[in-house]
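1. sequence? don't have it. structure:
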């Protein structure tokens, strides 16, 4: 008996296979490969890798911005509900979940038994998302990971005041021309992301414990800046990018058990 | 019959032009639910609600900045492009922030010549209705009565005949019948599951703002008879309340998005919709003009303020109205769709949200629209989560 959760994100597809006894197998597929997967071609390979076959799958639930393209899924749920479910499974004490994905950020408030009681998402622009960080990394001629490492021990920071990624780019370039140290500029970029995230958290009103998931949660510098700003310990799962897919697999299991 | 209402909405400009041609009478465009359209009807002219379009804007950027209300910008753009050229007059009431400024924007974009005596236009194309900011208080009714007398004179000059009390009384009867028919439709929506979808009900009401009310009443009577004979209902869905500014044919897709996500709007507070009939009756025991004053001033428009009371620092008239439209309907959640830069609604939303949570213990979702179909579609994810959250 197995349940599959698929989080079809803007930049990658995350798959979690929930096996007997709550053991799970996860796989992240980046780039163009995802196209074949959403059509159903790749799932069998992933199942084989996990030691299972298609016949053992009882239910497949898709989430993420591309969930409607996952024709192999028999159920669909929104990103907010799936991330909340995944975070609650990993940290049962969680009351606030912040998911920072490539294209969207969202904050969820959890009530009893991990039920979502309130939520909010970022507005239409890229501010406070992974794509914003990627655009900035490109200007800095670094990878997002390198940016995270470089800024982590830096005390000083440049001010990046623009919401808009395009205007923020010109602010970064202007700071480079002024000779401001790279680390300080990167710190400023992370601070700008944190500004947007705090706006989301304030809407749902933070309650401890706070769990941060999504690909950007792997950026230590962003997490540290967030902790400093809200003066709270932030909990980050070991594999923050698969929390949505894990939640999807768990919901698939919940729904199957209900029927 | 449903398709008939839809057809009216889709062909609203052609229908108004045909009516004008056939009846050899004028068509009067107006903004806002506070405008006494029953008086326009009484004059024999055709009142039509002016609405916008999601077509690309061509003319308006020189007049209203991009951060102005998208609905207002769109209406003006249509005026400038000649889409509303068939209107013989336009009534602009003093309502929210931008609508009153329409008086000169509309004249500028749609210039018309009018007879002038000693520097005064005898019959301006655009009539400014000075609706009071504060709608309660001793002197307000008298002041507004004088405004409606001026409007009556304006319509008399436009139609070329006096509007008698009998004509006003007859219009009141037709409008009261409309309110009663709409209430009958609401009864079908109160059922669980409802007999008609929120979108369908909105279509019926919106069509009434585009054709003569007596014709609409006749169509509605037949329509109401058909509903109980239906074999299928819209089905079990999460019952929702919708509060929205300027929800017209461009943005009413919101109802359909909600329905696709598993929700059903069973009650609402909408400027281009329920505000034109909900809880309204023209008082037959007063003089016709006084009845119109009373009805117009009692319109629960979020732009209005009322006299302060000792019981609450915040005006409760809007909350009392919202409360009435939610209670007893087994509503599980409320959605507030606010058009970007609509301060009137944006400012009251936090208060209403808190009151709804306190009184009904249901979640509230806020959405900010930009008056584009793309913007609406993007809201689908949030609506889906909201409905899943309630249904869990």
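-> Now that the structure is in, tell me what you want to look at. From a predicted model like this one, the values you see are computed outputs, not experimental measurements.
2. from here on, contacts and neighbour counts on C-alpha atoms
-> Fine.
3. Beta-bridge partners for residue B:126, please?
-> Taking DSSP bridges as the rule, residue B:126 bridges to residue B:90.
4. Isn't it up against residue B:109?
-> No: checked against CA atoms under 8 Å, the pair residue B:126 and residue B:109 is beyond contact range at 11.6 Å.
5. Between these two, which is the more surrounded one?
-> More crowded of residue B:126 and residue B:109, by other CA atoms under 10 Å in any protein chain shown: residue B:126, with 22 against 19.
6. Return the per-residue confidence for the more buried one.
-> pLDDT recorded at residue B:126 is 95.
7. ok, it - contacts?
-> Applying CA atoms under 8 Å, 6 or more residues apart in numbering or on different chains to residue B:126 gives the contacts B:89-92, B:103, B:106-107.
8. got JSON lines for these, with pLDDT and neighbour count too?
-> Below are the contacts of residue B:126 laid out as JSON lines (pLDDT from 0 to 100; neighbours: other CA atoms under 10 Å in any protein chain shown):
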{"residue": "B:89", "pLDDT": "96", "neighbour count": "22"}
{"residue": "B:90", "pLDDT": "97", "neighbour count": "25"}
{"residue": "B:91", "pLDDT": "98", "neighbour count": "25"}
{"residue": "B:92", "pLDDT": "97", "neighbour count": "24"}
{"residue": "B:103", "pLDDT": "92", "neighbour count": "20"}
{"residue": "B:106", "pLDDT": "94", "neighbour count": "19"}
{"residue": "B:107", "pLDDT": "92", "neighbour count": "16"}
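9. for these, which one is nearest chain A?
-> Among these, residue B:106 lies closest to chain A (CA to the nearest CA), at 32.1 Å.
10. What sits closest to the closest one if chain neighbours are left out?
-> Excluding its sequence neighbours, the residue lying closest to residue B:106 (CA to CA, 6 or more residues apart in numbering or on different chains) is residue B:76, at 6.6 Å.
11. Now do that neighbour against residue B:219, distance only.
-> Per CA to CA, to the nearest Å, residue B:76 is found 31 Å from residue B:219.
12. Please apply the same query to residue B:64.
-> Taking CA to CA as the measure, residue B:64 falls 39 Å from residue B:219.
13. who in chain A is up against chain B?
-> By CA under 8 Å from any CA of the partner chain, the residues of chain A that approach chain B are A:77-81, A:115-118, A:121.
14. which ones among those residues are found in helices?
-> Those of the residues of chain A next to chain B mapping onto helices are A:79-81, per DSSP state H.
15. Report the contact partners of the closest residue to chain A within the stretch 251-392 of chain B.
-> Minimum separation of the stretch 251-392 of chain B from chain A (CA to the nearest CA) falls at residue B:385, amounting to 5.5 Å. Going by CA under 8 Å, 6+ apart, residue B:385 touches A:77-81.
16. Go through the residues you listed and name the one nearest residue B:18.
-> Ranked by distance to residue B:18 (CA to CA), the contacts of residue B:385 are led by residue A:78 at 47.7 Å.
17. residues in contact with the closest one?
-> A:63-64, B:381, B:384-385, B:388.
18. Quick check on it: phi, psi?
-> phi -70, psi 160 (degrees, to the nearest 10).
19. try residue B:240
-> Main-chain torsions, residue B:240, degrees, to the nearest 10: phi -130, psi 160.
20. From residue B:325, how far off is the nearest residue to it once chain neighbours are set aside?
-> Leaving aside its sequence neighbours, residue B:240 sits nearest to residue B:265 (CA to CA, 6+ apart; 4.6 Å). Using CA to CA, one gets 12 Å for the distance from residue B:265 to residue B:325.
21. Looking at the two, which is more packed in?
-> Set residue B:265 next to residue B:325 and count neighbours by other CA under 10 Å: residue B:265 wins out with 27 against 17.
22. can I assume residue B:86 sits in a strand?
-> No: counting by DSSP: H, G, I helix; E, B strand; the rest coil, residue B:86 is not found in a strand; it is coil.
23. For it, the count of nearby residues, please.
-> Neighbours of residue B:86 (other CA under 10 Å): 16.
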